[in-house]
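[1] attaching a predicted model along with its sequence, questions to come.
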Amino acid sequence: MDKKRPLVGVGVMIKNKKGQVLLGLRQGSHGSGEWSFPGGHLEFGESFFQTARREAKEESGLIVGKCKLISVAEETRYLKSDDKHYVNIGILAEYRGGIPKIMEKDKCLKWKWFSLKKLPKKIFQGTELTINNYKAKKIYQEKNK
């Protein structure tokens, strides 16, 4: 019997010297038209931090160094619309260099740096949950039922 199971996604919060975070405008998948951190699926045998470094480079071309776990969240906004359920792992990664580039044109329209105090309105749920946990200084917050 095949049962549906959540997938594990890793989102990477990269902050520049001004304290701004990098967000990409999603396209072609769930959350299309929403802004999100670079990130992707945890691969078999990979650590959260290995995934964060790989995905940051693959999606934005940026090099990141030291990583820190800042969020674990249940992403369910896209259950009904796209049949997607994720456990989202939020990682804060040290920005080491590079200029953000569109590396996957079918997934991201553009990259932009944003202040955490002035974010765009449409934010991908995993990114939003990570930002909320980061600001609250809590890794996990149970949803109100």
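    Looks like it came in fine.

[2] now stretch 17-31: mean pLDDT?
    The pLDDT scores in stretch 17-31 average 94.

[3] show residues contacting it.
    13-16, 32-38, 59-60, 62, 78, 81-82, 84, 95, 100, 106-116, 119-120, 123-125, 127, 131 (C-beta atoms under 8 Å, 6 or more residues apart in numbering). No exception for glycine: its C-beta is placed from N, CA and C like everyone else's.

[4] quick one, which of the residues you listed are buried?
    Those of the contacts of stretch 17-31 that meet the buried threshold are 13-14, 34-38, 59-60, 62, 78, 84, 95, 100, 107-108, 111, 123-125, 127, 131, by 16 or more other C-beta atoms under 10 Å.

[5] which of those fall within helices?
    59-60, 125, 127, 131 (DSSP state H).

[6] would you list these in a markdown table and tack on distance to residue 137 and pLDDT?
    As requested, those are exported to a markdown table (distance: C-beta to C-beta, whole Å; pLDDT from 0 to 100):
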| residue | distance to residue 137 | pLDDT |
| --- | --- | --- |
| 59 | 27 | 97 |
| 60 | 26 | 97 |
| 125 | 20 | 96 |
| 127 | 17 | 98 |
| 131 | 12 | 98 |
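
[7] which of these sits closest to residue 52?
    Nearest to residue 52 among these, counting by C-beta to C-beta, is residue 59 at 10.9 Å.

[8] ok, the closest one - contacts?
    If you count contacts by C-beta under 8 Å, 6+ apart, then residue 59 has 24, 38-40, 103-104, 107-108 around it.

[9] mind doing that once more with 7 Å?
    By C-beta atoms under 7 Å, 6 or more residues apart in numbering, the contact set of residue 59 is 24, 38, 103-104, 108.

[10] roughly how far does the residue lying closest to it once chain neighbours are set aside sit from residue 140?
    Using C-beta to C-beta, 6 or more residues apart in numbering and skipping residues adjacent in sequence, the residue nearest residue 59 is residue 38, 4.2 Å away. Computed as C-beta to C-beta, to the nearest Å, the residue 38 to residue 140 distance reads 22 Å.
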